[in-house]
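> Have a look at this prediction, sequence included:
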Amino acid sequence: MAGRIQPGVAYKGVATEYSAADGNGACLFGPSGDMMIAAMNELDYQNSEACGAHILVRAANGATVTVLITNECPYPCAPGQLDLSQQAFAKIADPKAGRIPITWELVSPASSGTISVRYKVGSSQYWCGIQVIGERNPVARLEVSTGSGWQQLSRSSYNYFLSPNGTGCGKAIRITDIYGQQVTTAAFAVEPDVIQPAQVQFAQH
């Protein structure tokens with residue numbers, strides 16, 4: 001269920017750096033209070049499946065930094081490339097270097113809060129987009145309760161799961177991570193652009 005980024009695999013590539021401003025990016029998490037963040041190359045971004053992944057980056061000098069994927073790095077970013085925030089890049093190399101060889105791998109952090117969900121602006125009982133925030137492990141699938149079972153929603157490139165006809169909007173949500181772990185939330189009111197804590201979290205892997 002992991003998609004292109006497989007647990008336990010070390011990937012080779014290069015790290016570049018960019019000015020991440022307030023930390024918001026293609027994953028639409030919003031401003032970040034922690035600038036240890038990065039943009040994933042387009043191939044490994046895989047239609048937003050990399051959003052929320054915690055990545056351990058290692059430079060040739062042995063220095064490491066763990067970053068959260070919050071953005072996409074489009075062409076000419078190559079497969080394996082990570083575009084680190086300037087703050088994260090400075091943890092592993094002289095900022096003047098600009099571009100360095102790295103290896104990187106997916107990690108499941110020991111310390112993590114709980115998952116939250118957010119309904120997209122424009123959501124209602126007739127159409128909604130649902131986003132998962134603060135997940136310890138990348139999300140592979142999101143389903144909504146229909147009263148008679150669970151309906152899987154499709155994932156958009158902007159990191160929301162969409163219900164085009166309103167199925168499950170405002171109902172309980174079941175979230176599955178790339179390891180197959182599932183957590184289920186209570187029903188949330190459809191309040192667009194409001195972060196609502198779910199009080200659940202995936203176990204560490």
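Happy to help now that I have it.
> Would you confirm that Leu84 belongs to a strand?
Yes. When DSSP: H, G, I helix; E, B strand; the rest coil is applied, Leu84 is found to be in a strand.
> Run a quick neighbour tally on it.
A total of 28 residues lie near Leu84 under the criterion other Cβ atoms under 10 Å. Every C-beta, even on glycine, is put in place using the N, C-alpha and C of the backbone.
> For it, which non-adjacent residue is closest in space?
With Cβ to Cβ, 6 or more residues apart in numbering as the criterion, Leu84 has its nearest non-adjacent residue at 4.8 Å, and that residue is Ala38.
> wait, isn't the one you found in contact with Gln81?
No. In this structure, Ala38 is not within contact of Gln81 by Cβ atoms under 8 Å, at 10.0 Å.
> if we can go back for a sec, what residues are bridge-paired with the residue nearest to Leu84?
Applying DSSP bridges to Ala38 gives these bridge partners: Ile69, Leu84.
> Can you name the residues that contact it?
Taking Cβ atoms under 8 Å, 6 or more residues apart in numbering as the contact definition, Ala38 lies against Ile55, Val57, Val67, Leu68, Ile69, Thr70, Asn71, Leu82, Asp83, Leu84, Ser85, Ala88.
> Does Cys177 touch Ala140 like I think?
For the record, residue 177 is Asp, not Cys. Yes. Shown here, Asp177 and Ala140 form a contact pair, counting by Cβ under 8 Å, at 6.0 Å.
> Now do the shared contacts for those two.
Taking Cβ under 8 Å, 6+ apart as the criterion, Asp177 and Ala140 both touch Met1.
> quick one, which of those two is more surrounded?
Asp177 (25 against 18).
> count of residues packed around Lys120?
The burial count for Lys120: 20, using other Cβ under 10 Å.
> what do you get for the one 5 residues further on?
Gln125: 10 surrounding residues under other Cβ under 10 Å.
> do the same with the one 3 residues further on
The local packing of Cys128 (other Cβ under 10 Å) involves 25 other residues.
> next one: Glu72
Look at Glu72: counted by other Cβ under 10 Å, it has 24 neighbours.
> which SS state does it fall under?
Assignment for Glu72 (three-state DSSP): strand.
> Give me the local confidence score for the closest residue to it other than its chain neighbours.
In space, and not counting its chain neighbours, Glu72 is closest to Ala26: 4.0 Å by Cβ to Cβ, 6+ apart. Per-residue pLDDT puts Ala26 at 98.
> now Ala26, what's its secondary structure?
Recorded secondary structure, Ala26: coil (three-state DSSP).
> that older thread, so can I have a markdown table of the contacts of Ala38 showing distance to Gly149?
Converted to a markdown table, those look like this (distance: Cβ to Cβ, whole Å):
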| residue | distance to Gly149 |
| --- | --- |
| Ile55 | 35 |
| Val57 | 41 |
| Val67 | 38 |
| Leu68 | 33 |
| Ile69 | 32 |
| Thr70 | 33 |
| Asn71 | 35 |
| Leu82 | 39 |
| Asp83 | 41 |
| Leu84 | 42 |
| Ser85 | 42 |
| Ala88 | 42 |
